[in-house]
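Student: only geometry, no sequence info:
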């Protein structure tokens, strides 16, 4: 008795072709459009919700804020303008690497604000 192939079954040659397509990262137009459509729908639905913003007076600003950031990442005039406007000096420390910054934190170094690379953010928590 010969078994009839169903629409979901695939032979060895078809399996290898599909496997190689996926391995290459090839995406069909149908798959791309369906995933993109779902993403857009999620954006539209998520962006249509009303949100409320909690505000508070907060605590008074100190005299200095310490910032760990990358070289040439910010215009120094921005910090000068911030100091002139709020009376808070910005103490900038230059980051050489995410790993070095994390090591400094583990050894007790403290900054008020750290600007790591996106991939390294999880390591800081």
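Tutor: Now that the structure is in, tell me what you want to look at. Please read these numbers as outputs of a predicted model, since none were measured by experiment.
Student: count the neighbours of the closest residue in space to residue 73 that isn't next to it in sequence for me.
Tutor: Closest residue in space to residue 73, ignoring its immediate chain neighbours: residue 115 at 6.8 Å, by C-beta to C-beta, 6 or more residues apart in numbering. Glycine gets a C-beta too; all of them are placed from N, C-alpha and C. Using other C-beta atoms under 10 Å, residue 115 is surrounded by 14 other residues.
Student: can you tell me how far residue 115 sits from residue 13?
Tutor: 52 Å (C-beta to C-beta, to the nearest Å).
Student: mark out where each domain of this protein begins and ends.
Tutor: 12-47, 64-124 (automatic domain parsing).
Student: list the contacts of the residue nearest to residue 73.
Tutor: Residue 115 sits next to 67, 68, 69, 70, 73, 95 when contact means C-beta atoms under 8 Å, 6 or more residues apart in numbering.
Student: out of the residues you listed, which are buried?
Tutor: Neighbour-count burial (16 or more other C-beta atoms under 10 Å) is assigned, among those, to 67, 68, 69, 95.
Student: tell me the secondary structure for the first one?
Tutor: Following DSSP: H, G, I helix; E, B strand; the rest coil, the label given to residue 67 is strand.
Student: per-residue pLDDT of the nearest residue to it once chain neighbours are set aside, please?
Tutor: Closest residue to residue 67 apart from its sequence neighbours, by C-beta to C-beta, 6+ apart: residue 113 at 4.8 Å. Turning to residue 113, the model gives it a pLDDT of 88.
Student: got phi/psi on residue 113?
Tutor: phi -130, psi 130 (degrees, to the nearest 10).
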